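Undergrad: need a 3D model of the following:
(one chain, ligands or ions: 1)
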Amino acid sequence: MPFFQPAQRLSLIPPYLFKAIDDKKEEVRARGVDIIDLGVGDPDLPTPGFIVARMQEAVADPATHRYPMYSGLSRFREAVARWYRRRYEVELDPETEVLTLIGCKEGLAHLPLAVNNPGDVNLVTTPAYPVYRMGTLFAGGNPYAVPLVPENRFLPDLRQIPPIEARDAKLFFFNYPNNPTAATADLDFFRQVVEFCREYRIVAVHDACYSELAFDGYRPPSFLEVPGAKEVGIEFHSLSKTYSMTGWRLGMAVGNREVLAALGKIKSNIDSGVFDAIQLAGIAALDSDQESVREYCRIYQERRDVVVGGLKKLGYQVEPPRATFYVWLATPPGVSSLEFATRLLEQAGVVVVPGVGFGPPGEGFVRLALTVPKERLEEAVHRLGKMG
Ligand SMILES: *Cc1c(COP(=O)(O)O)cnc(C)c1O
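TA: A predicted model of the protein is given here:
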């Protein structure tokens, strides 16, 4: 008997699919190839200077050095409510309808602990950010994958969800603008979700962390803009992608107060909230004129045009995404996502993520992240052209 056996719940974590790709990456690098990594969804652009400056000032103030309030600084929650009013004309009570998170991933992972009993079903649109599924499994729940397919523009067909699953479901995770497919949703879809969740008494959980990274003048809506949404659901947001603050760990959940109170109860027994200085810097970000966001969107849009334009010239069928910094590219007919990613790495030194890593319905696609400078993307497209 070995001395240590990890908990059985860790065996719920799916086998790591990309060992072969990681090994290949090392092999290609060792050959001296200059690898272009379009794998990671982490902005290369720095946090805007005014946010960093506010942090520097706040961190020097001893008043920020003590335990934060677990639900977040009132001032931060008020800034979130102001931002929601300005951006979406949605009214939130900062005391009961806003909860500060240590990044949105933290809140998403803890939510099932606050909602699910063992055996409960959670509906998860798939392909997806893996946390919805893993959070569900860690809480003893059963994820039910609702497939996102190109024929339906990567929106779930709610009528295809079997009533037997819907009746047992407690949470419905969905995410627009979407990672990994870059699909967007309009208010009409959100209205259908409100109706569906009301009928089956399911808590709607919208992950809106890419709502600000949009192009060509498009402004993604909030789920909470739909009348009645607050009665059935919550929305997650994050400063990570909007302000290039992934390392800072700051996000928020807003909406239904009963659900947020339950999540807050879990959190108050696990973490002690976000460092006050980080929240003060977050207020500066949310209250700013958002020029930094517009500037970064222009940069991502230019990169998108380089990649999509270049791929089209090479004969790939790909539509320019309206939001997110991802391009969801169909693999050539008969080539699996793992095979295609391996080929791109071997023959072009370009790293992409095989779609199957986001769940089985992601097969047939790879995800490219626009998180490297334009010149590198031009080089990546050039190398793809030479692959044949
Ligand atoms: C990046 C990402 C997150 C995590 O955001 P954090 O606030 O940094 O934890 C959540 N959901 C999706 C879909 C993401 O892509």
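
Undergrad: shaky segments in this structure?
TA: 388 (pLDDT under 70).

Undergrad: and the strands in the stretch 201-350 of the chain?
TA: 203-207, 233-238, 251-255, 326-330, 350-351 (DSSP state E, counting those that start in this stretch).

Undergrad: who does the longest one touch, helix- and strand-wise?
TA: If contacts are counted by 3 or more CB pairs under 8 Å, 6 or more residues apart in numbering; DSSP states H and E, strand 233-238 sits against helix 104-115, helix 187-200, strand 203-207, strand 251-255, helix 257-268. Placement of C-beta: from N, CA and C, glycine included.

Undergrad: run the last query once more with 10 Å
TA: With contacts taken as 3 or more CB pairs under 10 Å, 6 or more residues apart in numbering; DSSP states H and E, strand 233-238 sits against helix 74-88, strand 98-101, helix 104-115, strand 169-175, helix 187-200, strand 203-207, strand 251-255, helix 257-268.

Undergrad: ok, it near the ligand or not?
TA: Yes - for strand 233-238, a contact with the ligand is found by CB under 6 Å from any ligand atom, at residue 238.

Undergrad: by proximity to the ligand, which residue of the stretch 251-388 of the chain wins?
TA: residue 251 (4.0 Å; CB to the nearest ligand atom).

Undergrad: could you give the bridge partners of that residue?
TA: residue 101, residue 238 (DSSP bridges).

Undergrad: quick check: it touching residue 109?
TA: No - the criterion here is CB atoms under 10 Å, and residue 251 misses it with residue 109 at 11.6 Å.

Undergrad: pick out whichever of those two has more residues nearby.
TA: residue 251 (26 against 17; other CB atoms under 10 Å).

Undergrad: put together TSV for the strands of the stretch 201-350 of the chain, with distance to residue 359 on each row.
TA: Formatted as TSV, the strands of the stretch 201-350 of the chain follow (distance: least, CB to CB, whole Å):
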stretch	distance to residue 359
strand 203-207	15
strand 233-238	19
strand 251-255	23
strand 326-330	13
strand 350-351	20
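
Undergrad: what does the chain have sitting close to the ligand?
TA: Residues of the chain lying near the ligand (CB under 6 Å from any ligand atom): 41, 103-105, 129, 175, 179, 207, 209, 238, 240-241, 246, 251.

Undergrad: switch to 8 Å and redo it
TA: Within reach of the ligand by CB under 8 Å from any ligand atom, the chain has these residues: 41-42, 101-106, 108, 128-129, 131, 175, 178-179, 207, 209-210, 236, 238-241, 246, 249-251.

Undergrad: in ChimeraX, select just the buried ones from those residues.
TA: Only the buried entries of the residues of the chain next to the ligand go into this ChimeraX selection, using 16 or more other CB atoms under 10 Å:
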select :41,101,102,103,104,105,106,108,128,129,131,175,178,179,207,209,210,236,238,239,240,241,246,249,250,251
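
Undergrad: so residue 265 touches residue 114, yeah?
TA: Yes - counting by CB under 10 Å, residue 265 does reach residue 114; the two are 6.6 Å apart.

Undergrad: need the helices for the protein, in chain order.
TA: 19-30, 49-59, 74-88, 104-115, 131-138, 163-168, 187-200, 229-232, 239-242, 257-268, 276-287, 291-313, 337-348, 374-387 (DSSP state H).

Undergrad: of residue 265 and residue 114, which one has the most company?
TA: residue 114 (19 against 13).

Undergrad: the more buried one contacts residue 120, correct?
TA: No - if you go by CB under 10 Å, residue 114 and residue 120 don't touch, sitting 11.9 Å apart.

Undergrad: quick check: neighbours shared by the two?
TA: Residues touching both residue 114 and residue 120 by CB atoms under 10 Å, 6 or more residues apart in numbering: 139, 171.

Undergrad: quick revisit: the residue of the stretch 251-388 of the chain closest to the ligand: what's it in contact with?
TA: Per CB under 10 Å, 6+ apart, neighbours of residue 251: 80, 99-108, 207, 209, 236-240, 245, 274, 282.

Undergrad: on that earlier part again, the helices of the chain: which one's closest to residue 368?
TA: helix 291-313 (6.4 Å; CB to CB).

Undergrad: could you list the buried residues of that closest one?
TA: 292-293, 296-297, 299-301, 303-304, 306-308, 310-311.

Undergrad: and stretch 344-353, by the same measure?
TA: Under the neighbour-count criterion of 16+ other CB under 10 Å, stretch 344-353 has 344, 345, 346, 348, 349, 350, 351, 352, 353 buried.

Undergrad: chain center to that stretch, what's the gap?
TA: 24 Å (CA atoms, centre = their mean, to the nearest Å).

Undergrad: next, the distance between the ends of it.
TA: Start-to-end span of stretch 344-353 (CA to CA, to the nearest Å) is 10 Å.

Undergrad: mind starting the numbering at 2 from now?
TA: Sure thing, new numbering starts at 2, so read that last one as stretch 345-354.

Undergrad: how is the protein partitioned into domains?
TA: With domains defined by automatic domain parsing, the chain comprises 9-47+292-388, 50-287.

Undergrad: most tightly surrounded among the ones you listed?
TA: Mean neighbour counts were compared across the domains of the chain using mean count of other CB atoms under 10 Å; the top stretch is domain 50-287, at a mean of 20.

Undergrad: chain center to that one, what's the gap?
TA: 9 Å.

Undergrad: is it true that residue 121 touches residue 143?
TA: Yes - Residue 121 lies in contact with residue 143 (CB under 10 Å); the separation is 7.0 Å.
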